[in-house]
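Asker: What follows is a predicted protein model with its sequence.
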Amino acid sequence: MPRRSTQPGRQLALPLRLDPQANFETLVDGANSAAFTHVRQLASTARGDVLWLWGGPGRGKSHALQAACREADEAGKRAMYVPLDAAAEAGPELLADLDTLDFLALDALDPLAGSAEWETRLFAVLNGFQSRERTLLIAARQAPSAIAFALPDLASRAAGAIVYRIRALDDEEQALALIRHARHRGLTLDAAAARFLQARVARDMPALCAWLGRLDAASLQAQRRITIPFIREALQGGQAAP
């Protein structure tokens, strides 16, 4: 899904698209049930809130934001997902008029803190969404209270968000997520094969999903199922064996 423009003919000047794997079917809540349930509700209803999801990398924040934007778009809302770490070079003007949207997700906000121009634009966005009771999702590595905002008004507005700490999945939940990602690709991955892959690559979802993509391509080429022997061969060929 291409991100929607805020005005007719206006396009976000980024060559990025939503990750096709980032949807609610592949999202495993784990200890984040309250947060992700809230995100799902906002994507599919007329209710408007400002949510701040924070936590370390690889915990599903970006996944949840992209899934929510996809769902909101399908529900007929004017929705946009903006990865601020990738968009920083575009300049603060990127955020102009975004408060006119119905649904906005701003990802990786932390690096922009301390920049007067960016903070002024961010304040306008937060102020606009809070005053119009529309949905704004923000993801960062830190809670708003822990970010050193230079603009007091922005710190005050950020403090008014509903804050959720996003925690990492445990091994069992991570294996379930991997199985769901495989199913979404049209693959069959049993629990034993998922655990085998977990034990041999970095135990975070981005790394596991990257390997799943390689296995998908390799299995298609070889016309073989993704079994433990097949995974072992692929890992050895990629110099990623334990």
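Answerer: Cool, the structure landed.
Asker: Find the residue closest to residue 128 in space, skipping its chain neighbours.
Answerer: Closest residue to residue 128 apart from its sequence neighbours, by Cβ to Cβ, 6 or more residues apart in numbering: residue 99 at 2.6 Å. (C-beta placed from N, C-alpha, C; glycine too.)
Asker: That neighbour contacts residue 124, correct?
Answerer: Yes: counting by Cβ atoms under 8 Å, residue 99 does reach residue 124; the two are 6.3 Å apart.
Asker: host element of residue 72?
Answerer: Assigned by DSSP states H and E, residue 72 belongs to helix 61-74.
Asker: again, but for residue 173
Answerer: helix 171-184.
Asker: With residue 220 instead?
Answerer: Residue 220 belongs to helix 205-222 when assigned by DSSP H and E.
Asker: Quick check: buried residues in the next helix or strand along the chain from that helix?
Answerer: For helix 205-222, the succeeding helix or strand toward the C-terminus, using DSSP H and E, is helix 228-237. Across helix 228-237, burial judged by 16 or more other Cβ atoms under 10 Å covers 230-231, 234-235.
Asker: What's the mean pLDDT across helix 228-237?
Answerer: Average pLDDT, helix 228-237: 92.
Asker: who touches it?
Answerer: Residues from elsewhere that reach helix 228-237 (Cβ atoms under 8 Å, 6 or more residues apart in numbering): 192-193, 196-197, 200-201, 211, 214-215, 218-219, 222, 224, 241.
Asker: Show me how to select, in PyMOL, the buried members of these.
Answerer: Those of those that count as buried under 16+ other Cβ under 10 Å are selected in PyMOL with:
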select buried, resi 193+196+197+200+201+211+215+218+219
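Asker: Kindly indicate which of the contacts of helix 228-237 lies nearest residue 146.
Answerer: For the contacts of helix 228-237, the residue nearest residue 146 by Cβ to Cβ is residue 201; the value is 30.9 Å.
Asker: Now do the contacts for that closest one.
Answerer: 207-208, 211, 235, 240.
Asker: Looks to me like residue 31 is in a helix.
Answerer: Yes: the assignment for residue 31 (DSSP: H, G, I helix; E, B strand; the rest coil) places it in a helix.
Asker: I'd say it and residue 164 touch.
Answerer: No: assessed by Cβ under 8 Å, residue 31 is found out of contact with residue 164, at 10.6 Å.
Asker: Fine, thanks again, bye for now.
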